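Trainee: I would like to see how this sequence folds:
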Amino acid sequence: MENKQDKPDDGVVILKKTEPGMCGGTDASQDTKAPKEILSEDMILFDVTSALSRGYIPSEGKRNSVEKLGYVSAFAAPVSNGTFLFFEKGDSFQKRAQKTRSWAYVKEDVFPSLVRFVRDRDIAKSNGFHSTTHGLPENFGGSVDIRYASGEKISFSNNQQSIITLAAGAEIANLFTKAMNGEKVELPVVSSLKEIRFEELRKNGGFTKAVLTIQPDGTGINAKQSKYDDPKIYESEKPIDAETVVAIKKNIEDTGILAWSDLPSNGFSYRIDKQLTFVFDDGREIIVKNDRLVPDQIGRGFFNIELEMTTKH
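Mentor: Below is the predicted model:
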């Protein structure tokens, strides 16, 4: 086992490293500067996904009944009027396993409960440890990304084994189920959507703009403008069938993209700025940029709409 620092001053110790050209193997490291106790009470992100040692928990809404639990994925981030929540659970972590997935934009501030959960379950004890075993057919473990306004954070991962206990997973399931049943922040109904505008601005002065106008009969018209390195602006206008419009609306509902506007940035620097503007019958507009921090399971919501408006039509 190697025990040398990757960099002299960053506190990261390489525990295992795959040899060049080696098939399989494990890369593992420990950030020795990662705190094992968090002082802040002001959590700004909770993102935990883990396979669990399968067990049974009380079934929601079913008296004297239990259900299997072998996987949880929970995400919470503050937004202007409350909290954006995402929760997925299943009896197994495996891709083919049956899972339930939902999101909610609730008025409640759920972070005090999550701060207590992290402390009571001593989640920070594994802070700074990351292990990746190459060649595994699936992720048998998970990852934790919890951040605080103070700059403190908890980050660890392992794709070989569960990273939290079944009891901790069951508590997450209980916390999120309860929170997601709380009072919701009102969002425009998708049936009142009148128009979607897409805008991509490139550093060289080029752009792609598209406007999807939804017709009374449920079909749409997609008008697109593009400019590349030459001065010419390319324009097109194409009809979109009702089935495609329905699929776009379903994507909006399934991913909760109308609630993404105030989510924090994912921290990545993009060379191209993109945004979607959703316009409703009452004149309300919601603008969503492409750099929002969202769970992986619904993260393609933006791209799915972009693809329909700029590539397929």
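Trainee: ok, which stretches of the stretch 101-250 of the chain are strands?
Mentor: Per DSSP state E, counting those that start in this stretch, the stretch 101-250 of the chain carries strands over the ranges 129-133, 142-148, 153-158, 193-202, 207-214, 220-227, 233-240.
Trainee: Do you have the helices of the stretch 1-150 of the chain handy? List them.
Mentor: Secondary structure of the stretch 1-150 of the chain (DSSP state H, counting those that start in this stretch): helices at 111-120.
Trainee: which stretches of the stretch 1-150 of the chain have low pLDDT?
Mentor: Low-confidence regions of the stretch 1-150 of the chain, defined here as pLDDT under 70, cover residues 1-9, 21, 60-64.
Trainee: For N139, which non-adjacent residue is spatially closest?
Mentor: If you skip the residues right next to it in sequence, N139 has N159 as its closest partner in space, 4.7 Å away by C-beta to C-beta, 6 or more residues apart in numbering. Just so you know, the C-beta spots here come from the backbone N, C-alpha and C atoms, and that holds for glycine as well.
Trainee: Was I right to think the one you found contacts H130?
Mentor: No: between N159 and H130 there is no contact, the gap being 9.6 Å when judged by C-beta atoms under 8 Å.
Trainee: residues contacting the nearest residue to I221 once chain neighbours are set aside?
Mentor: When the adjacent residues along the chain are set aside, I221 lies closest to T213, with 5.0 Å between them (C-beta to C-beta, 6+ apart). T213 makes contact with K194, E195, G220, I221, N222, A223 under the criterion C-beta atoms under 8 Å, 6 or more residues apart in numbering.
Trainee: Just the pLDDT for T213.
Mentor: Here, the pLDDT recorded for T213 equals 98.
Trainee: Quick check: bridge partners of it?
Mentor: Judged by DSSP bridges, the bridge partners of T213 are E195, I221.
Trainee: going forward, begin numbering at 186 instead of 1
Mentor: Happy to do that; since the first residue is 186 now, the last one works out to T398.
Trainee: The closest residue to K459 other than its chain neighbours and E226, how far apart?
Mentor: For K459, the nearest residue in space outside its immediate sequence neighbours is N475; the separation is 3.9 Å by C-beta to C-beta, 6+ apart. N475 sits at a distance of 32 Å from E226 (criterion: C-beta to C-beta, to the nearest Å).
Trainee: who has more neighbours, those two?
Mentor: More neighbours surround N475 than the other of N475 and E226, with 18 against 13 (other C-beta atoms under 10 Å).
Trainee: what residues are up against the closest residue to A236 other than its chain neighbours?
Mentor: Sequence neighbours aside, F278 is the residue nearest to A236 in space, at 3.5 Å (criterion: C-beta to C-beta, 6+ apart). For F278, the set of contacting residues under the criterion of C-beta under 8 Å, 6+ apart consists of S235, A236, L237, G255, Y256, E323, N324, F325, G327.
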